[in-house]
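Peer 1: 3D, please:
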Amino acid sequence: MADGKDNLLSKSWHDSAWIPILNQSNVMDYFSERSNPFYDRTCNNEVLKMQKLGIADVQLQNMQGTEYILLHVQEPILYVIRKQIRHSPTQVTAVSDYYIIAGVVYQAPDLGTLLNSRIVSAVSHLQ
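Peer 2: All right, here's what the predicted structure looks like:
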């Protein structure tokens, strides 16, 4: 059951050049760096970026498909980014969350992965 999603749970990514200047206004640019394995280049954010239109929430809401949003900020150390599928201006489905702590990006485990880990750990203690 080791698919690509599970492999990303054990990875992290960072770019040392960005870390001293990372803030709420540039964290999405940092997350969209080419070397970041968590970023999907086919997302709506990238389409808007390539069209040089800027990325505004209003523009993303009028598109359908994969997008990234800045979900939570606790400057200067924590940023949470959500990958979601937009179906309509008012309907989205969360796909995964990523957290950036001190400039290092990690994928947050989904509930199923977390529960599985806890159950395996509990069962192993019973043996």
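Peer 1: three-state assignment of the residue lying closest to residue 96 once chain neighbours are set aside?
Peer 2: Take residue 96 and drop its neighbours on the chain: the residue closest to it by Cβ to Cβ, 6 or more residues apart in numbering is residue 83, 4.9 Å away. Heads up, the C-betas are built off the backbone N, CA and C, glycines and all. Recorded secondary structure, residue 83: strand (DSSP: H, G, I helix; E, B strand; the rest coil).
Peer 1: shouldn't residue 83 be in contact with residue 65?
Peer 2: No: the criterion here is Cβ atoms under 8 Å, and residue 83 misses it with residue 65 at 11.2 Å.
Peer 1: tell me how far residue 65 lies from residue 44.
Peer 2: The gap separating residue 65 from residue 44 is 5 Å, by Cβ to Cβ, to the nearest Å.
Peer 1: an error on my part: the question was meant for residue 68.
Peer 2: Remark: distance between residue 68 and residue 44 (Cβ to Cβ) = 9 Å.
Peer 1: and for residue 126?
Peer 2: Residue 126 sits at a distance of 47 Å from residue 44 (criterion: Cβ to Cβ).
Peer 1: residue 37 too?
Peer 2: The spacing between residue 37 and residue 44, counted by Cβ to Cβ, is 19 Å.
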